[in-house]
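# need a structure here:
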Amino acid sequence: MTKRKLTLKMVQKYLGQEGKRYNSYVVFECPLCKAEGNDKNKHNLVFYENKGGYLKCMRKPNDNHGQKIYEAIMKKEKGGNNELLQ
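Alright, predicted model coming up:
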């Protein structure tokens, strides 16, 4: 089974943020870090367009925030709820 490719539009729609674009990536506020009281600079979550739509939380890479958000976006795209942002 192949993973569905994540697009910038999908991330922006899910997070409700435009993000800040750099050369080959876009940064966002990480909703999971925010819930923990972190990411006050709103730049922990990085979306790499050139890596096939890869999300990574730079503050807590070992906590799999990027993977959790990816899964939540895919669930939402299939008609599920937006549980991470509630």
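
# OK, contacts around the nearest residue to residue 53 once chain neighbours are set aside?
Excluding its sequence neighbours, the residue lying closest to residue 53 (C-beta to C-beta, 6 or more residues apart in numbering) is residue 6, at 3.3 Å. In short, each C-beta sits where N, CA and C put it, glycine included. Applying C-beta atoms under 8 Å, 6 or more residues apart in numbering, one finds that residue 6 lies in contact with 47, 52, 53, 54, 55, 70, 73, 74.

# then residue 6 would be within a helix, right?
No - the assignment for residue 6, made by DSSP: H, G, I helix; E, B strand; the rest coil, is coil rather than a helix.

# poorly predicted segments of this protein, please.
1-4, 61, 80-86 (pLDDT under 70).

# can you show me the helices along this protein?
8-15, 31-35, 65-77 (DSSP state H).

# go ahead and measure how far the longest one is from the middle of the chain.
So that's helix 65-77. 7 Å (C-alpha atoms, centre = their mean, to the nearest Å).

# now swap in the first one and tell me
Helix 8-15 has its average C-alpha position 8 Å from the chain's average C-alpha position, going by C-alpha atoms, centre = their mean.

# flag every buried residue along that helix.
By neighbour count on 16 or more other C-beta atoms under 10 Å, the buried set for helix 8-15 is 10, 11, 14, 15.

# equivalent analysis for the last one, please.
Of the residues in helix 65-77, those buried by neighbour count under the rule 16+ other C-beta under 10 Å are 65, 66, 68, 69, 70, 72, 73, 76.

# grab the nearest non-local neighbour of the fourth one.
Right, the one you point to is residue 69. In space, residue 69 is closest to residue 55, 5.6 Å off (C-beta to C-beta, 6+ apart).

# run through the bridge partners of the one you found.
Residue 55 forms beta bridges with residue 47, as assigned by DSSP bridges.

# who's in contact with it?
6, 11, 45, 46, 47, 48, 66, 67, 69, 70.

# nearest to residue 30 among those residues?
Nearest to residue 30, judged by C-beta to C-beta, of these is residue 45 at 3.9 Å.
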